[in-house]
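A.B. asks: sequence-free structure coming up:
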DNA sequence: ACTATTCGTAAGCGTGTACCTACAATATGG
DNA sequence: CCATATTGTAGGTACACGCTTACGAATAGT
C-alpha cells in the first residue's frame, strides 16, 4: 500500500507562516514564490496543499479567527477576578489588540472583496466574531435593566468597530498605547453597560 | 514663450477617475494601464501628471477626505432643524455612509502601509477626520456636564470606528440598511451625549 | 512666421507573476 | 523486496506589470 499522506499535518505546519506573509505583505505582494521561500519549500508543494493562491489566503483568514478564538477561550477559562468575562476580554484587548499583526490580513482581504470566496471567508469571520462578542455582552448585562443603551447586537458591532480602529491606529501610529487603552476602556465599557467615563 | 501648461486642470479632471479605480480595484490591480484606459489617455500622460503610481494613489487618498469634507460643509451650512450639527452629521452618515464607495481606498492603503508616503497620507487623513469630528462633539456637548461619558477625543475616535465598520459592513453585506442606521444612530448617539437606546 | 514647450501616440525593456510539467528520491504496507 | 503512492527539485511558459524613450503634431507668446 502507498505511503500515507501527511498533507494535513503539513498544511497545519505551514499555515501560520503563510498567514503571516499575507499579513505583512498584503495579497498581491505575497507572491507564491515569497510564500514558498518563507516556508522553506518550493512553490510546487504549496500547490499540492492548496489548489491555488486564493485558497491559501482563505485558509489564512480562517486562521486569524482561530487564533483569536483560542486566546479568548484562554481568558474565559481563567479564574474570575470579580469581573465579568466581557470586562476581562475588553481589558485584554485594550492591552494587546492587534499585537500579533495578523489582523492585517483583513485589510488585505477587504481589497479583494470582488473575489466571492474571499468575501465569503471575511463575512463568515465577522459573523463568528460578532456572535461571540454578542454572547459576552448578553451574559454581562444579564437581567439588569439598561434602557438607555443600544441593544446587544448593536453594541457588539460597535465593539468590533473599536477593534478595527485600534488595529488601524496601531498600523498608522495614530495613538499611543495609553490612548488605545482609553478607547477600548472608556468607549468599550460605555457600550457594554453604560459605565463610560 | 511656451505654451502654458494645463497640467493642474488635467490633474483635477482625472483624479476622480483615478481615485475611483483605486477604490474599485485596490492598489495592485489598479494597473497603470487600467488607470489610463479609464481616463481615456495613454499611461504616458498619467506619468506626466504624477511622478509614479504611488503619487497617484496618495493624491487619491487626499481626494477621499476632500470629498467627505465637502459634503459635511454642505450639511453644516444647512439651516438648523433644532438639532445640533453633530446630530445632523450623524444622521446623514447613518443614511449615506460609504455610499460612494470611495472609502475602499483606505483598505487598499492599509495593505500598503510599509510605503512611508502612503502611510503618511493615511495618517494625515485620519488626523483631519478626527479633528473635524472632535470639534463637532465639543460643540454639541458644550458646557453641559457629561461625567459618565468618554472625553471628546475618545468619543471622536470611537465614532470614526463606527464609520469604518459601517464601511466594512457595506462591503461584505454584513447588515441591512436599517442595521447600519441603528449602529450609527444608537451607538453614535450614545458616544455623543449618552442618549443611547 | 518663429520657436519653445506641451501634448498625444506608439513601442518596448526588464522584471515578476501564477501556475505547470517532468522526473528522481523516498518511504510505506503487503 | 516490491509496487505504489507521496515527496522534493529543477526548469519553464505565457503573460502582465511599472515605467521609459522616441517622435511628430499642436499651440501659444513674441
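C.D. replies: Cool, the structure landed. As the structure is a computational prediction, the values presented were derived from the model and not from experiment. Residues are numbered from 1 along each chain as shown, chains lettered A, B, ... in the order given.
A.B. asks: what ranges does chain A have for its helices?
C.D. replies: Applying DSSP state H to chain A gives helices spanning A:7-29, A:32-39, A:43-49, A:53-76, A:85-96, A:104-110, A:116-141, A:152-172, A:177-182, A:189-193.
A.B. asks: how many degrees apart are the longest one and helix A:85-96 in direction?
C.D. replies: For helix A:116-141 against helix A:85-96, the angle between stretch directions is 120 degrees (axes from the mean of the first three to the mean of the last three CA atoms, to 10 degrees).
A.B. asks: what's the answer for the second one, then?
C.D. replies: Helix A:32-39 runs at 100 degrees relative to helix A:85-96, counting by the same axes, to 10 degrees.
A.B. asks: what do you get for the first one?
C.D. replies: Counting by the same axes, to 10 degrees, helix A:7-29 points 60 degrees away from the direction of helix A:85-96.
A.B. asks: helix A:7-29 close to DNA strand C?
C.D. replies: Yes - contact of helix A:7-29 with DNA strand C (CB under 7 Å from any atom of the strand) involves A:28-29. (Each C-beta comes from the backbone N, C-alpha and C, glycine too.)
A.B. asks: sort out which residues of that helix are buried, please.
C.D. replies: Neighbour-count burial for helix A:7-29 flags A:10-11, A:14-15, A:18-29 (criterion: 16 or more other CB atoms under 10 Å in any protein chain shown).
A.B. asks: check the third one too.
C.D. replies: Of all the residues in helix A:43-49, those buried under the rule 16+ other CB under 10 Å are A:46, A:49.
A.B. asks: that one and DNA strand D, are they touching?
C.D. replies: Yes - on the criterion CB under 7 Å from any atom of the strand, helix A:43-49 is in touch with DNA strand D at A:43-45, A:48.
A.B. asks: just the residues you listed that are near DNA strand C?
C.D. replies: A:43-44.
A.B. asks: near DNA strand D, list only the ones from the buried residues of helix A:7-29.
C.D. replies: residue A:10.
A.B. asks: list just the nearest of the buried residues of helix A:7-29 to residue A:67.
C.D. replies: The shortest gap between residue A:67 and any of the buried residues of helix A:7-29 belongs to residue A:19, at 8.4 Å (CB to CB).
A.B. asks: show me what contacts the closest one?
C.D. replies: A:59-60, A:63-64, A:102, A:105 (CB atoms under 8 Å, 6 or more residues apart in numbering or on different chains).
A.B. asks: any idea how many residues pack against the closest residue to residue A:88 other than its chain neighbours?
C.D. replies: Among residues not flanking residue A:88 along the chain, residue A:75 sits closest, at 5.7 Å (CB to CB, 6 or more residues apart in numbering or on different chains). When neighbours are defined as other CB atoms under 10 Å in any protein chain shown, residue A:75 has 13 of them.
A.B. asks: so what's residue A:75 up against?
C.D. replies: Residues near residue A:75 by CB under 8 Å, 6+ apart: A:85, A:88-89, A:92.
A.B. asks: top of the residues you listed by neighbour count?
C.D. replies: Counting neighbours by other CB under 10 Å, the top entry in these is residue A:89, with 22 neighbours.
A.B. asks: pretty sure that residue sits against residue A:73.
C.D. replies: No - in this structure residue A:89 lies outside contact range of residue A:73 using CB atoms under 8 Å: 10.7 Å.
A.B. asks: distance of residue A:19 from DNA strand C?
C.D. replies: 15 Å (CB to the nearest atom of the strand, to the nearest Å).
A.B. asks: ok, residue A:69 next?
C.D. replies: Residue A:69 sits 28 Å away from DNA strand C, going by CB to the nearest atom of the strand.
A.B. asks: pop out the phi and psi values for residue A:82.
C.D. replies: Dihedral pair for residue A:82: phi 50, psi 20, per degrees, to the nearest 10.
A.B. asks: my bad, should have said residue A:174
C.D. replies: The phi/psi pair for residue A:174 (degrees, to the nearest 10) is phi -80, psi -30.
A.B. asks: in chain A, where is pLDDT below threshold?
C.D. replies: For chain A, the stretches flagged by pLDDT under 70 are A:1-5, A:196-197.
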